[in-house]
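Peer 1: Sequence plus predicted model, see below.
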Amino acid sequence: MNISPPAKKSFVARVWEWLLPTPQEAPTGAEAMSVDWLKAIPYAGIHLACLGVIWVGWSWPAVIMAVFFYALRVFALTGFYHRYFSHRSFKVGRITQFVMGWIGCTAIQKSPLWWAAHHRHHHAHSDDEHDLHSPKQSGFWYAHMGWFLTPKCGPTNYRLIPDFAKFPELRWLDRFELVPPVLLIGLLYLTGFVFDYQWPQLACTGGQMVIWFFISTVFTYQVTYLVNTATHMYGTRRYVTKDDSRNSLIIALLTFGEGWHNNHHYYPNSTRQGFFWWEIDISYYVLCFMQMFGLVWEVRPVPKRLLHPKPKAAAAEMLPAPAAQ
Ligand SMILES: [Zn+2]
Ligand SMILES: [Zn+2]
């Protein structure tokens, strides 16, 4: 029998494969759903690092930097990871798409492909037994900060996000999701070092900048998680939906508009999540501002018919879940 040896892959082909991951299957079974405590170590480390403020103290440059990066990253997550990568509720050029994906990675909440694939799964199964972060199904703490530390939630399911997985630069970001935050932390350390050298009277140091970046990161973490938990538990329900989603002004203010979660689950196709003028939705305002400069386009408002909710018609407005192929 003539068995030909497997074709040798060229060096370039092997490098290419390493740079751009291929789809991975998530493990299944009950064990895959329990928290992997090894994965929790770096994550707990970021939380604990905030205690370093006791030693490094504060300065105005460090606090302003922390507030700036909170605002920038909350916007990158809500405006782009959520409303763009997960729901495609507006259009954007390829460079802006990558830049916003890169900025989103600095929030250390994984890549845009991972985040959006898991979020699409949430909309397909919100609050049912397959939902990965439902406080109704698995309790508050697991839904808040446990689910993403499980083996099941490790890989990115490219089948849920083929529309963006086709971009090699986004698959590169999926593999090297830690490059943007590591580079940023290095840059911030350097900035603090220069401040310390040039303007010692400001009492800003490299270590202080890094600790305040972690404080900003933990705030960004916690408000993002509140969208998964608090807005499925507390608040008002304007529309009848198949889940427990709710509207909350406090969460909307903290997350630049994501607190209008019942509106969003009812009609996820709209860029705008605060459906009425009094429902403050900062990410939507920023996206409208970006649209004025041609950075994004086809930003979708709320269809007028939804502004007179007829609860019985709610089911008809639900969009079909993204198809798993
Ligand atoms: Zn939800
Ligand atoms: Zn959504």
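Peer 2: Alright, I've got the coordinates. Ligands and ions are numbered 1, 2, ... in the order given.
Peer 1: Okay, now the unreliable bits of the stretch 151-300 of the chain?
Peer 2: Residue ranges of the stretch 151-300 of the chain with pLDDT under 70: none are present.
Peer 1: now the strands for it?
Peer 2: Counting by DSSP state E, counting those that start in this stretch, the stretch 151-300 of the chain has strands at residues 296-297.
Peer 1: Against Trp277, how distant is the residue nearest to the spatial centre of the chain?
Peer 2: Ranked by distance to the mean C-alpha position of the chain (CA atoms, centre = their mean), the top residue is Leu77 at 4.4 Å. As judged by CB to CB, to the nearest Å, Leu77 and Trp277 stand 24 Å apart. No exception for glycine: its C-beta is placed from N, CA and C like everyone else's.
Peer 1: still on that earlier bit, what sits against the residue nearest to the centre of the chain?
Peer 2: Leu77 makes contacts with Gly104, Ala107, Gln109, Trp115, Thr220, Thr224, as judged by CB atoms under 8 Å, 6 or more residues apart in numbering.
Peer 1: try it again with 7 Å
Peer 2: For Leu77, the contacting residues are Gly104, Ala107, Gln109, Thr224, by CB atoms under 7 Å, 6 or more residues apart in numbering.
Peer 1: Also Ile108?
Peer 2: Going by CB under 7 Å, 6+ apart, the list of residues near Ile108 reads Ile46, Pro181, Thr217.
Peer 1: re the thing from before, who wins for neighbours among the contacts of Leu77?
Peer 2: Gly104 (30 neighbours; other CB atoms under 10 Å).
Peer 1: Report the next helix or strand after the helix or strand it falls within in sequence order.
Peer 2: In this assignment (DSSP states H and E), Gly104 forms part of helix 94-105. For helix 94-105, the following helix or strand on the C-terminal side (DSSP H and E) is helix 112-125.
Peer 1: what about dumping the CA coordinates of that next one to PDB?
Peer 2: Output in PDB follows, covering the C-alpha atoms of helix 112-125 (Å, rounded to 0.1, in the frame of the first residue of the first chain):
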ATOM      1  CA  PRO A 112     -14.000  41.700  20.900                       C
ATOM      2  CA  LEU A 113     -14.600  38.300  19.200                       C
ATOM      3  CA  TRP A 114     -14.800  36.400  22.600                       C
ATOM      4  CA  TRP A 115     -16.900  39.100  24.200                       C
ATOM      5  CA  ALA A 116     -19.400  39.400  21.400                       C
ATOM      6  CA  ALA A 117     -19.700  35.700  20.800                       C
ATOM      7  CA  HIS A 118     -20.600  35.100  24.500                       C
ATOM      8  CA  HIS A 119     -23.000  38.100  24.400                       C
ATOM      9  CA  ARG A 120     -24.800  36.700  21.400                       C
ATOM     10  CA  HIS A 121     -25.200  33.500  23.300                       C
ATOM     11  CA  HIS A 122     -26.700  35.500  26.200                       C
ATOM     12  CA  HIS A 123     -29.400  37.000  23.900                       C
ATOM     13  CA  ALA A 124     -30.200  33.600  22.500                       C
ATOM     14  CA  HIS A 125     -30.700  32.100  25.900                       C
END
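Peer 1: Which other helices and strands does it contact?
Peer 2: Counting contacts by 3 or more CB pairs under 7 Å, 6 or more residues apart in numbering; DSSP states H and E, helix 112-125 packs against helix 162-165, helix 168-175.
Peer 1: at 10 Å instead, please
Peer 2: Counting contacts by 3 or more CB pairs under 10 Å, 6 or more residues apart in numbering; DSSP states H and E, helix 112-125 is packed against helix 94-105, helix 162-165, helix 168-175, helix 206-228, helix 261-266.
Peer 1: Thanks a lot, see you next time.
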